[in-house]
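Enquirer: pasting the sequence and the predicted coordinates here, then a few questions.
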Amino acid sequence: NDAWQFGIRRFTRIWPPYAAWTVVMTAIALGLPQSQALIETFSWPDFFSSLAFLPTSVGFFPPAYTLPILSVGWTLNYEMYFYLVLFACLFSMRWKWLGFTLWLVAALLLAPLMEHMAAPGSSLAAIMASPLAKTMTSPIMWEFAVGMVIARFYLRGCQFRHMYPAVSMAAPARLVCIRH
């Protein structure tokens, strides 16, 4: 199945080196006397969340929101989430683009709208403030989505001049990402 091949290829390309470096860097940092700040804030749940590409806390700066133990992991959190979405869409075979469109509308349009409408202190506001929800609804995901649309045009043989509508979406998406 194409979905399994896609998922396995992405996972085996990204996770093993990331996990190995995360373990090595954690061991080095915990062994160095000048790493007192890491030692004081280190937790095993954060370590395992880092290995699983799950954001652990909201803070720092958008779009990272959180810095995993291996700091480059914040970008991989987005990448792996997007691969998970694509993996799920590929399982629906001939409905994959419908699934992709539904994800796009739900995660990148409706969820942020609901966040702005949620009453402060409500359970919806608390859910939307979670690190995972921030990752799932981040404007950075628009860049992945626009890339998919451009790839679809390209793979269907469209020349660049025919791809103008898709490419023209990239600039506003990038501005939204910079703004947030």
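Expert: Sure, I can see it.

Enquirer: so what's M148 up against?
Expert: By C-beta atoms under 8 Å, 6 or more residues apart in numbering, the contact set of M148 is 86, 100. Every C-beta, even on glycine, is put in place using the N, C-alpha and C of the backbone.

Enquirer: ok, G147 to P17 distance?
Expert: Going from G147 to P17 by C-beta to C-beta, to the nearest Å gives 23 Å.

Enquirer: higher neighbour count, the two?
Expert: It is G147, of G147 and P17, that has more neighbours when counted by other C-beta atoms under 10 Å, with 14 against 10.

Enquirer: relative to A106, how far out is that one?
Expert: When G147 is compared with A106 (using C-beta to C-beta), they lie 19 Å apart.

Enquirer: go on, S122?
Expert: 19 Å.

Enquirer: got it, and P68?
Expert: On the measure of C-beta to C-beta, P68 and A106 end up 26 Å apart.

Enquirer: now the helices for this structure?
Expert: For the chain, the helices defined by DSSP state H cover 2-31, 36-41, 44-51, 73-91, 96-105, 111-117, 123-128, 131-136, 140-155, 164-179.

Enquirer: the longest one packs against which elements?
Expert: What that stands for is helix 2-31. On a contact count with 3 or more C-beta pairs under 8 Å, 6 or more residues apart in numbering; DSSP states H and E, helix 2-31 meets helix 36-41, helix 44-51, helix 73-91.
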